[in-house]
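1. quick one, structure for this:
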Amino acid sequence: MGLYNFVDAIFLGQFVGPTAVGAVGLIYVLVILNQAILVWV
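-> Next up is the predicted model:
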């Protein structure tokens with residue numbers, strides 16, 4: 001999962017811009033939280 005977000009951040013940083021990289025960072029926290037809840041359930 002971490003590798004996916006790393007590659008996604010590189011791709012977005014090169015082609016879209018720094019705002020998109022910030023959005024990936026914010027969404028990453030929500031994805032990890034979601035996975036933790038699903039594993040717990």
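
2. output the below-cut-off pLDDT ranges for this protein.
-> 1-2 (pLDDT under 70).

3. in it, which helix is the longest?
-> Identified as the longest helix of the chain according to DSSP state H is helix 18-40.

4. what lies in contact with that helix?
-> For helix 18-40, contacts defined as CB atoms under 8 Å, 6 or more residues apart in numbering pick out Met1, Asn5, Asp8, Ala9, Leu12, Gly13. In short, each C-beta sits where N, CA and C put it, glycine included.

5. count of neighbours near Gly13?
-> By other CB atoms under 10 Å, 13 other residues sit near Gly13.

6. contacting residues for it?
-> Contact analysis of Gly13 by CB under 8 Å, 6+ apart lists Ala20, Val21.

7. that one and Ile37: what is the separation?
-> 29 Å (CB to CB, to the nearest Å).

8. using PDB, write out every CA atom in the longest helix of the chain.
-> In PDB, the C-alpha atoms belonging to helix 18-40 read as follows (Å, rounded to 0.1, in the frame of the first residue of the first chain):
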ATOM      1  CA  PRO A  18       1.900  19.800  -5.700                       C
ATOM      2  CA  THR A  19      -1.800  20.200  -4.800                       C
ATOM      3  CA  ALA A  20      -2.500  16.700  -6.100                       C
ATOM      4  CA  VAL A  21       0.400  15.300  -4.000                       C
ATOM      5  CA  GLY A  22      -1.100  16.900  -0.900                       C
ATOM      6  CA  ALA A  23      -4.500  15.400  -1.800                       C
ATOM      7  CA  VAL A  24      -2.900  11.900  -2.000                       C
ATOM      8  CA  GLY A  25      -1.300  12.500   1.400                       C
ATOM      9  CA  LEU A  26      -4.600  13.300   3.000                       C
ATOM     10  CA  ILE A  27      -6.500  10.500   1.300                       C
ATOM     11  CA  TYR A  28      -3.700   8.000   2.400                       C
ATOM     12  CA  VAL A  29      -4.600   8.600   6.000                       C
ATOM     13  CA  LEU A  30      -8.300   7.800   5.300                       C
ATOM     14  CA  VAL A  31      -7.400   4.700   3.400                       C
ATOM     15  CA  ILE A  32      -5.200   3.400   6.200                       C
ATOM     16  CA  LEU A  33      -7.900   4.100   8.700                       C
ATOM     17  CA  ASN A  34     -10.500   2.300   6.500                       C
ATOM     18  CA  GLN A  35      -8.300  -0.700   6.200                       C
ATOM     19  CA  ALA A  36      -7.700  -0.800  10.000                       C
ATOM     20  CA  ILE A  37     -11.400  -0.800  10.600                       C
ATOM     21  CA  LEU A  38     -12.100  -3.500   8.000                       C
ATOM     22  CA  VAL A  39      -9.300  -5.800   9.500                       C
ATOM     23  CA  TRP A  40     -10.800  -5.200  12.900                       C
END
